[in-house]
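1. Okay, structure incoming, though there's no sequence with it:
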């Protein structure tokens, strides 16, 4: 195709005494249109995509190669090339699309409820309520549809599949998108989540579903920052080579997989992790998942929520306690407290720091938070006494010693 003959006049004409078209967005857009080059912005991957007609060659480094073609084409038509990459980005942004939303809306829901079939692909461990499993699966899957079809989305929970290695946890997540080509582009498996690392964040938010692989290893990082990141509604990052930080509406829903039974380490925020202990998983099902998500998208449009009700969250919190790692502070506190005297008159009023001192633990902020959480679990909410939040602690009297003094062995 001879573009030079077919391109016609540029919308922004050369200045007087010049035959060079000015470098403007309109001129570059005109050039691309007549060359048959499509540029668009993928809202899920947060990347510009350039589609060249009849382009052959390796897929390696395709983004930079295709942009080079455009720069070369601009130079061929005497357009100054310095700002062309930025103009291409602006044109792509006008042509934004969401591949998951397009897939969900490619066929309207036919009215057949396939969610019971989806529930059947997850066999929970003995003793785990079937009803809670179904609630968690429905609401988490509904959040995937909400992330793809709604603005101002915020994730409320991380579907957490706990079970033996080789149970097919990651394969089950990958099978949620029944279009294999689409799944390859919008599902990230085995991501190691480090909320303090920019590259880790960028790698996490460029997909519709990101699986945090081996969740317990991610807990070794900053747990508070991890919890905050998982439920943010906006991601602010500066991508490599960008001049400024960009703000991205959250379009990612998180899942997690873990082998160990006891993996939850923070008693103050475990309801973010919607844990289902699994006995077996069927990831080789033939369920039409496009229709499942189309049904759930309709539910979202009708006002159905994708977060747990208070009673559902309370049940989850109780079941999650089975997956909590043993806390040295909680264990020593359980030994210290005389549960038969809870609520008795004349009990010592102690703050979390005073309890740590009595147990001979280091007085650090993380330890104080851990002690506070353990005290709430045992004794309920504290009361302000002399300006400080304290609990009435029924300290077990082992040998007649003063309970305000160090109790038990040093940490």
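-> Looks like it arrived, so ask away. Every value quoted in this text rests on a predicted model; they were computed, and no experiment measured them.

2. On the three-state scheme, the closest residue in space to residue 259 that isn't next to it in sequence is what?
-> Using Cβ to Cβ, 6 or more residues apart in numbering and skipping the chain neighbours, the partner closest in space to residue 259 is residue 165 (5.0 Å). For the C-beta atoms, the positions are set from N, CA and C on the backbone; glycine is no exception. Following DSSP: H, G, I helix; E, B strand; the rest coil, residue 165 is assigned to coil.

3. repeat for residue 211
-> Secondary structure, three-state DSSP: residue 211 is strand.

4. next one: residue 50
-> Applying three-state DSSP to residue 50 yields a three-state assignment of strand.

5. name the element the closest residue in space to it that isn't next to it in sequence belongs to?
-> Leaving aside its sequence neighbours, residue 50 sits nearest to residue 66 (Cβ to Cβ, 6+ apart; 3.9 Å). In this structure, residue 66 is located in helix 62-76 according to DSSP states H and E.

6. Around the residue nearest to residue 50, how many other residues sit close by?
-> Residue 66: 19 surrounding residues under other Cβ atoms under 10 Å.

7. so what pLDDT did it get?
-> pLDDT for residue 66: 89.

8. Now do it against residue 79, distance only.
-> In this view, residue 66 and residue 79 are 17 Å apart by Cβ to Cβ, to the nearest Å.

9. And for residue 176?
-> From residue 176 across to residue 79, the span is 45 Å (Cβ to Cβ).

10. Residue 24 too?
-> Note on residue 24: its distance to residue 79, by Cβ to Cβ, is 9 Å.

11. So for those two, which sits in the more crowded spot?
-> residue 79 (24 against 15).

12. where does that one land in three-state SS?
-> Put simply, residue 79 is coil when judged by three-state DSSP.

13. Quick check, it in contact with residue 30.
-> No - counting by Cβ atoms under 8 Å, residue 79 stays clear of residue 30, with 10.0 Å between them.

14. picking that back up, can you give me the offset of the helix holding residue 66 from its chain's centre?
-> On the basis of Cα atoms, centre = their mean, to the nearest Å, helix 62-76 sits 35 Å off its chain's mean C-alpha point.

15. Buried residues, the helix or strand following that helix. List them.
-> Counting by DSSP H and E, the next helix or strand C-terminal to helix 62-76 is helix 84-94. By neighbour count on 16 or more other Cβ atoms under 10 Å, the buried set for helix 84-94 is 84, 87-88, 91-92.

16. Same question for stretch 315-335.
-> Of all the residues in stretch 315-335, those buried under the rule 16+ other Cβ under 10 Å are 315-316, 319-320, 323, 327, 329-330, 332-333.

17. so, if you compare the residues you listed, which one comes nearest to residue 363?
-> Closest approach to residue 363 among the buried residues of stretch 315-335 (Cβ to Cβ): residue 329, at 11.9 Å.

18. what helix or strand is that closest one on?
-> Using DSSP H and E, residue 329 falls within helix 328-336.

19. on that earlier part again, tell me the two of the buried residues of stretch 315-335 that are most distant?
-> Farthest-apart pair in the buried residues of stretch 315-335 is 315 and 332; separation 28.5 Å (Cβ to Cβ).
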